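Asker: I would like to see how this sequence folds:
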Amino acid sequence: MKKYNIAVVGASGNVGREILNILDFRTFPFKEIYALASSKSEGQKIVYGNDKEAIIKDLEKFEFKNVDIVFSSAGSEVSKKFIPKAVKSGAIIIDNTSCFRMHKDVPLIVPEVNSEDLKYFKKKKIIANPNCSTIQMVMALKPIHDLFEIKKIVVSTYQSTSGAGKEAMDELFYQTLDVYKNKQLVPKVFSKRIAFNLIPHIDEFLKTGDTKEEKKMIDETQKILGSKIEIFATCVRVPVFVGHAESIFIETKKKIDLKKLIAKIKSFSGLSLVDEKIDGGYVTPDESAGEDEVFISRMRVKNDFNIGLWVVADNLRKGAALNSIQIGEALVKKFLK
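Answerer: From the prediction side, this is the model:
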């Protein structure tokens, strides 16, 4: 099997470290891995996978001429600056930022949902990885949309602090300690206290009243599913370290057959239905941490055309790193033989 030189941009961050771990765990066919980050991380050693090590190189100084595939997760501004350079050097990019997601000629991919769109990468040599909350939602929506055609969605997300980076996780940790010590809390990462609190605000506010995070979920879902579904989203940051949850109300155009839907979900790769109508018969964000599946619980049909779901997933794995690597695996299998 052919092996590839891989660069991981943002290797010192939460998602970058997870990418390195999963690349090794899933035995991705790599020859060399270049761990890249800003100059302040240059020279740091990262231990990943089965006792493997990588020394971080300065992204500013790095030449991509020997790189085949780049996994980028260092933020939109970094992608905007360095991805054109990597493409010019001949690399194919799998970008985990919002920079290219809505570009017309850049496919936005969740492999279990729309792998047929992967072929469109050839024009720009860039493949976009969706927003973490979008990924787990479209995974749950796909079987429903295929069977009954979705008309409308109302979704509330409950997103962990790891989605905002390591500093956000640290803020939750230290604020929690300070609450017990009765210390004055001064938020730095978040606009308000995150410990023992909920913040109905992720990313910047737009003129419409939506936040950018909510707009991402709307636009990306429509692009991935290829349908102008009506979507109303409210994104909430919660005091959890890892794992996102979503409460989703769905209205369909066709009458829902619950038996058919359950069978479809159970046969759908990457989905796990855990829906016992008893205490604890559901999955929480805590239980999703470290898992690859997207979990569906609390499934309820209220009439022939309305269904509600509780959906949880590890936002660092399926919501980011794992999905990126699955894109890479599909790319290698279908186009880079």
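Asker: helices or strands next to the host helix or strand of Ile327 in the packing?
Answerer: Per DSSP states H and E: Ile327 is located in helix 322-335. Contact analysis of helix 322-335 by 3 or more Cβ pairs under 8 Å, 6 or more residues apart in numbering; DSSP states H and E lists helix 14-25, strand 69-72, strand 92-95, helix 111-114 as its packing neighbours. Bear in mind the C-beta positions are built from the backbone N, C-alpha and C, glycine included.
Asker: to Glu246, which of those lies closest?
Answerer: helix 111-114 (15.6 Å; Cβ to Cβ).
Asker: could I get the average pLDDT for the closest one?
Answerer: On average, the pLDDT along helix 111-114 is 98.
Asker: cool, stretch 245-258 as well?
Answerer: Stretch 245-258 shows an average pLDDT of 98 in the prediction.
Asker: which of the residues in it are buried?
Answerer: 245-246, 248-252, 256 (16 or more other Cβ atoms under 10 Å).
Asker: in strands only, show me these.
Answerer: 245-246, 248-252 (DSSP state E).
Asker: and the helix ranked longest in the chain, what's its mean pLDDT?
Answerer: As assigned by DSSP state H, the longest helix anywhere in the chain is helix 132-148. For helix 132-148, the mean per-residue pLDDT is 98.
Asker: dump the helix holding Ile327 to CSV, keeping only the CA atoms.
Answerer: Only the C-alpha atoms of helix 322-335 are listed here, as CSV (Å, rounded to 0.1, in the frame of the first residue of the first chain):
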residue,chain,number,x,y,z
LEU,A,322,-12.1,11.6,13.3
ASN,A,323,-14.3,13.0,10.6
SER,A,324,-11.2,14.7,9.0
ILE,A,325,-9.3,11.4,9.0
GLN,A,326,-12.3,9.5,7.6
ILE,A,327,-12.3,12.0,4.8
GLY,A,328,-8.6,11.3,4.3
GLU,A,329,-9.3,7.5,4.3
ALA,A,330,-12.0,8.0,1.6
LEU,A,331,-9.7,10.2,-0.4
VAL,A,332,-6.9,7.7,-0.4
LYS,A,333,-9.2,4.8,-1.2
LYS,A,334,-11.1,6.4,-4.1
PHE,A,335,-8.7,8.9,-5.6
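Asker: show residues contacting that helix.
Answerer: 2, 4, 18-19, 22-23, 26, 28-29, 69, 71, 73, 92, 94, 96, 109-112, 115, 118-119, 121-122, 127, 129-130, 135, 292, 314 (Cβ atoms under 8 Å, 6 or more residues apart in numbering).
Asker: same question, stretch 252-264
Answerer: Residues from elsewhere that reach stretch 252-264 (Cβ under 8 Å, 6+ apart): 143-144, 146-151, 273, 301, 304-307.
Asker: for this protein, which segments count as strands?
Answerer: Taking DSSP E, the strands of the chain run over residues 4-9, 30-37, 45-48, 52-55, 57-58, 69-72, 92-95, 126-128, 150-159, 230-237, 244-252, 271-273, 294-303, 306-313.
Asker: next, format the ones you listed as TSV and append distance to Gln222.
Answerer: Output for those, formatted as TSV (distance: least, Cβ to Cβ, whole Å):
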stretch	distance to Gln222
strand 4-9	28
strand 30-37	33
strand 45-48	36
strand 52-55	38
strand 57-58	38
strand 69-72	24
strand 92-95	19
strand 126-128	14
strand 150-159	10
strand 230-237	7
strand 244-252	15
strand 271-273	21
strand 294-303	19
strand 306-313	18
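Asker: which stretch among those strands comes nearest Val186?
Answerer: Comparing the strands of the chain by Cβ to Cβ, strand 230-237 comes nearest, at 17.2 Å.
Asker: helices or strands up against that closest one?
Answerer: Against strand 230-237 (3+ Cβ pairs under 8 Å, 6+ apart) you get strand 150-159, helix 212-225.
Asker: tell me the most buried of these?
Answerer: Counting by mean count of other Cβ atoms under 10 Å, helix 212-225 has the highest mean neighbour count of the helices and strands packed on strand 230-237, with a mean of 21.
Asker: angle of it against helix 132-148?
Answerer: With axes from the mean of the first three to the mean of the last three Cα atoms, to 10 degrees applied, the angle from helix 212-225 to helix 132-148 works out at 40 degrees.
Asker: send the alpha carbons of helix 212-225 over as PDB?
Answerer: The C-alpha trace of helix 212-225 is given here as PDB (Å, rounded to 0.1, in the frame of the first residue of the first chain):
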ATOM      1  CA  LYS A 212     -22.100  32.800  13.500                       C
ATOM      2  CA  GLU A 213     -22.300  29.300  15.100                       C
ATOM      3  CA  GLU A 214     -26.000  29.100  14.500                       C
ATOM      4  CA  LYS A 215     -25.600  30.400  10.900                       C
ATOM      5  CA  LYS A 216     -22.900  27.700  10.300                       C
ATOM      6  CA  MET A 217     -25.300  25.000  11.400                       C
ATOM      7  CA  ILE A 218     -28.000  26.300   9.000                       C
ATOM      8  CA  ASP A 219     -25.800  26.900   6.000                       C
ATOM      9  CA  GLU A 220     -23.700  23.800   6.300                       C
ATOM     10  CA  THR A 221     -26.600  21.400   6.900                       C
ATOM     11  CA  GLN A 222     -28.300  22.700   3.800                       C
ATOM     12  CA  LYS A 223     -25.100  22.300   1.700                       C
ATOM     13  CA  ILE A 224     -24.400  18.800   3.000                       C
ATOM     14  CA  LEU A 225     -27.900  17.500   2.600                       C
END
